[in-house]
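Novice: Here you go, sequence then predicted model.
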2 protein chains.
Amino acid sequence: MGKDAVIKGQISNNIRKLRFASDEMTQKELAAKVGVSRQTIVAIEKDHYPPSLALAFMIAHVLGEPFQDVFSYKPAD
Amino acid sequence: MGKDAVIKGQISNNIRKLRFASDEMTQKELAAKVGVSRQTIVAIEKDHYPPSLALAFMIAHVLGEPFQDVFSYKPAD
DNA sequence: ATACTAAGTCAATTATTTTTGACACATCAA
DNA sequence: TTGATGTGTCAAAAATAATTGACTTAGTAT
C-alpha cells in the first residue's frame, strides 16, 4: 500500500546518466524509442517502480550499453 | 487477449538447465528461495510470462550465475 | 496397489506496472 | 512577454505479473 514499490534487495539504474552520455537524449526520445510513455521513463529513473524485464532490456539496447551497466541489483541477504 | 505475453524482441532463459546444474534444484526449492510460488517458476520457465526485473535478479542470484547467463534478449528490430 | 515427489495446468483473485491526460515549474529563445 | 522544451507530479484506468487452491500426469518407490 506504500506509494513506492518495495523490493527484496535493491535495484538501481543509470538511465539518466547514460541518457546524457548518449547525445543528451531526452526522456521523451527514450520513451519513443522503447515504445513507452514519458511518464514511465520518469518513474523508472526516479525509482518509483522498476521496469518490466522486457522494458529493461529494451532500454539497455537503445542506450547502447550492456545490461549490467544500466541496471544493478544488490541482494537483501 | 492472447494467452501468452507478447514482447517486443524475445526474452529467453536457462532457468531449467541451471536448476539441474545447481544440484538438481527443484522448482519448489527455487520458488522457496526466491520467495515466489511454484506456479510462478513454472510459468517463467515455460515462457508464459516474463518475471519482474526484481524476480529475474533474484533468480540469477539464487542460481549463482551472472544475470546475462540466465536471461537473454534478442531485439525485434 | 498405494503413496510420494516433481512437474504442468486452469480459474479466479490480488498486486504491480504502464497508460492517458492534465497540470506545474524552470529555462531559454524570440 | 509569449512560446516552446524538458522535467516532475497526480489520479484513474488498463494491462500484465503473481498468488492461491485444486486437479492432473508421470515416475519411482514401498
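Specialist: Right, received. Where do you want to start? Computed from a predicted model, the values in this text were never measured in an experiment.
Novice: who's in contact with the helix or strand containing residue A:55?
Specialist: When elements are defined using DSSP states H and E, residue A:55 is found to belong to helix A:53-63. By Cβ atoms under 8 Å, 6 or more residues apart in numbering or on different chains, the list of residues contacting helix A:53-63 from outside reads A:15, A:18-19, A:22, A:25, A:30, A:33-36, A:40, A:44, A:50-51, A:66-67, A:69-71, B:7-9, B:11, B:50-53, B:56, B:71, B:73, B:75. The C-beta positions use only the backbone N, C-alpha and C, and glycine is treated the same way.
Novice: 7 Å instead?
Specialist: Taking Cβ atoms under 7 Å, 6 or more residues apart in numbering or on different chains as the criterion, the residues outside helix A:53-63 that touch it are A:15, A:18, A:22, A:30, A:33-34, A:36, A:51, A:66-67, A:70-71, B:7-9, B:11, B:50-53, B:56, B:71, B:73, B:75.
Novice: Which strands and helices lie in contact with the helix or strand following that helix?
Specialist: Proceeding C-terminally, helix A:53-63 gives way to helix A:67-70 as the next helix or strand, assigned by DSSP H and E. Under the contact criterion of 3 or more Cβ pairs under 7 Å, 6 or more residues apart in numbering or on different chains; DSSP states H and E, helix A:67-70 touches helix A:53-63, helix B:67-70.
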